[in-house]
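*Asks:* below are the sequence and a predicted model; questions follow.
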Amino acid sequence: MRKIYGSAADALDGLLQDGMLIAAGGFGLCGIPELLIDAIRKSGVKDLTVASNNAGVDDFGLGLLLQTKQVRKMMSSYVGENAEFMRQYLSGELELEFNPQGTLAERMRAGGAGIPGFYTKTGVGTQIAEGKEHKEFDGETYILERGIFADISIVKAWKADETGNCIFRKTARNFNPPAAMCGRTCIMEVEEIVKPGELDPDHIHLPGIYVHRLIQGEHEKRIEQRTVREA
C-alpha cells in the first residue's frame, strides 16, 4: 500500500469533508502538524470538530483554522495563549468541550484500542461530570468517558521509515501517539523518511500499522514562549 505522498495537500486528497472530526497531535506549538494544518486551511473545508490539547496561537497552528472560521467545535484541555480562541468561545461562536488533559489523552488512546468508553475519577463533582454516567467501584465514584474515534488524525513525528514506523523527538511526542491511534485514517508529517530497517526497533514510539499516509517537509517549528536568561 502506498504511504508516501509528495505534499500535505496530496496526502489529504479525498479525505476531507465538511463536519468531520479531526484528532490533532501537538501541545501548544510543540510537535504540531503545521504542514497538514496549513493544507486543511487552504482546502476550505468547514464545520470541523477538532480534538487537540489546545489550538496553538492566533497566527500559527490550529489558530489558523480559527481565524478562517473553519472550526465549529474544539475538544480541548485549555484555551491557552490563543486570544481568538477565547474570543470565539466567550462570544458563543465556537463550541468548546473541556477535557482534563489526561482524560483527553486516554479518550484518544481508548479510541485507538477500540475501547468505546472507560471510567475515571477525574472530574467527579465538577462541571466535567455533568450529564455523564456515574458508577461506584469499591466505594469510589467514577464517571464514564467516551473513547474518541476520529475521521482522520494529523500528527507530527521526527523521523519515520517508509512503512510508517516512527520516532518522536523528546517532548514533541506529547499527544501525537494517542492522536495517531484514534483516527480511522492517520496522516503523519516528518522531518526525515528513511529506508525500512534503518530505525532501531527498540526505539520505535509508534508502529507503522497506525500510519496510513506519510509526508516529509520543512518545518518552521515556531517557539510559543521564548525564555532566556539575562546576559
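*Replies:* Perfect, thanks for sending it.
*Asks:* does Ala180 touch Ser153 like I think?
*Replies:* Yes: if you go by Cβ atoms under 8 Å, Ala180 and Ser153 touch, sitting 5.1 Å apart. C-beta: built from backbone N, CA, C; applies to glycine.
*Asks:* overlap in contacts, the two.
*Replies:* Residues touching both Ala180 and Ser153 (Cβ atoms under 8 Å, 6 or more residues apart in numbering): 23, 25, 186.
*Asks:* highest neighbour count among the residues you listed?
*Replies:* Ala23 (32 neighbours; other Cβ atoms under 10 Å).
*Asks:* contacting residues for that residue?
*Replies:* 50-52, 108, 148, 150, 152-154, 179-180, 182-183.
*Asks:* try 6 Å this time
*Replies:* By Cβ atoms under 6 Å, 6 or more residues apart in numbering, Ala23 lies in contact with 51, 108, 150, 153, 179, 182-183.
*Asks:* so which of those are in strands?
*Replies:* Secondary structure from DSSP state E places 51, 150, 153, 183 of the contacts of Ala23 in strands.
*Asks:* which residues in the chain form helices?
*Replies:* Secondary structure of the chain by DSSP state H: the helices cover 8-12, 34-43, 63-67, 83-90, 101-112, 176-182.
*Asks:* please identify the buried residues of the fifth one?
*Replies:* It stands for helix 101-112. By 16 or more other Cβ atoms under 10 Å, the buried positions in helix 101-112 come out as 101, 103-112.
*Asks:* what do you get for the last one?
*Replies:* For helix 176-182, a neighbour-count test (16+ other Cβ under 10 Å) marks 176-182 as buried.
*Asks:* and the residues you listed as CSV, adding pLDDT and distance to Glu81?
*Replies:* Below are the buried residues of helix 176-182 laid out as CSV (pLDDT from 0 to 100; distance: Cβ to Cβ, whole Å):
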residue, pLDDT, distance to Glu81
Asn176, 98, 20
Pro177, 98, 24
Pro178, 98, 23
Ala179, 98, 20
Ala180, 98, 25
Met181, 98, 27
Cys182, 98, 25
